[in-house]
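Colleague: how would this look folded up:
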Amino acid sequence: MAKRIRTEVDRLRAKEYYEANKEKILARQKARRESPDYVKKPYDPEVRRKYRAENLEREKKSEREWRLRNPERTRALVAKKRAIRKGAEGFYTSDDLKHLFYKQRGRCAYCRESIGHGYHVDHFQPLSKQGSNWPWNIKLTCPPCNMRKKDKDPVEYGYTLLELFDSHFNHLEEIKHTGITTL
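Modeller: Numbers count the residues shown, from 1 in each chain. Reported below is the predicted structural model:
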């Protein structure tokens, strides 16, 4: 039987039910915990490992589906693992990414182009140069800007942007002087 994905309507109904029956639910939970038959099973990583090995395809499929449903959370978790490997302090959440997306109005932090859902999460001060993984060091960028920035610090990248602007401006001046027009 396929697992049904809970919708926002389901979540709202569950919340309403909980609010309407809170005392009854809490009393039932307390009675269950106080029952002599109740035994809280401790988490056993070996049991989890064994289950995963026996159901590997099912687990991989489930993880893939979760990643597709939760792209921001996936990005935050991947970045957290990377930061831990690099020895950087701090972390950010998917809510931080949503807030930043809203704050940047869905535009790249550097070129101001619309980034949609295909954005990159950039560390303003790179992790490789002792930057942190806290939300205030994060910018959302379009892939070309993030790939161009690589691990440059903000000042270094600013010079790169100025060089790009100058070369583009000089190219426009050359076109203007040669009389070439575009349709």
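
Colleague: Please enumerate the strands of this protein.
Modeller: 120-123, 138-141 (DSSP state E).

Colleague: Any regions of this structure where pLDDT drops low?
Modeller: Applying pLDDT under 70 to the chain flags the ranges 1-6, 164-183.

Colleague: what do you get if the cut-off is 80, keeping everything else the same?
Modeller: 1-9, 40-41, 117, 153-183 (pLDDT under 80).

Colleague: mind listing the helices for it?
Modeller: 8-20, 22-34, 45-54, 56-69, 71-86, 94-103, 143-149, 154-178 (DSSP state H).

Colleague: can you put those in TSV and add mean neighbour count?
Modeller: Backbone N, C-alpha and C define where each C-beta goes, glycine included. Formatted as TSV, the helices of the chain follow (neighbours: other CB atoms under 10 Å):
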stretch	mean neighbour count
helix 8-20	10
helix 22-34	10
helix 45-54	10
helix 56-69	11
helix 71-86	15
helix 94-103	14
helix 143-149	16
helix 154-178	11
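
Colleague: In CSV: the strands of the chain, plus mean neighbour count.
Modeller: What follows is the strands of the chain, written out as CSV (neighbours: other CB under 10 Å):
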stretch, mean neighbour count
strand 120-123, 20
strand 138-141, 21
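
Colleague: Those strands into TSV, with extra columns for distance to Lys129?
Modeller: Shown next, in TSV, are the strands of the chain (distance: least, CB to CB, whole Å):
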stretch	distance to Lys129
strand 120-123	9
strand 138-141	15
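
Colleague: So which of those is nearest Gly131?
Modeller: Gly131 sits nearest to strand 120-123 of all the strands of the chain, at 4.8 Å, using CB to CB.

Colleague: ok, that closest one: who's next to it in the sheet?
Modeller: Take DSSP bridges as the rule and strand 120-123 pairs in its sheet with strand 138-141 (antiparallel).

Colleague: count of neighbours near the residue nearest to Lys80 when sequence neighbours are not counted?
Modeller: Distance criterion CB to CB, 6 or more residues apart in numbering; nearest residue to Lys80, sequence neighbours excluded, is Phe91 at 4.9 Å. If you count neighbours by other CB atoms under 10 Å, Phe91 ends up with 16.

Colleague: Alright, calling it a day.
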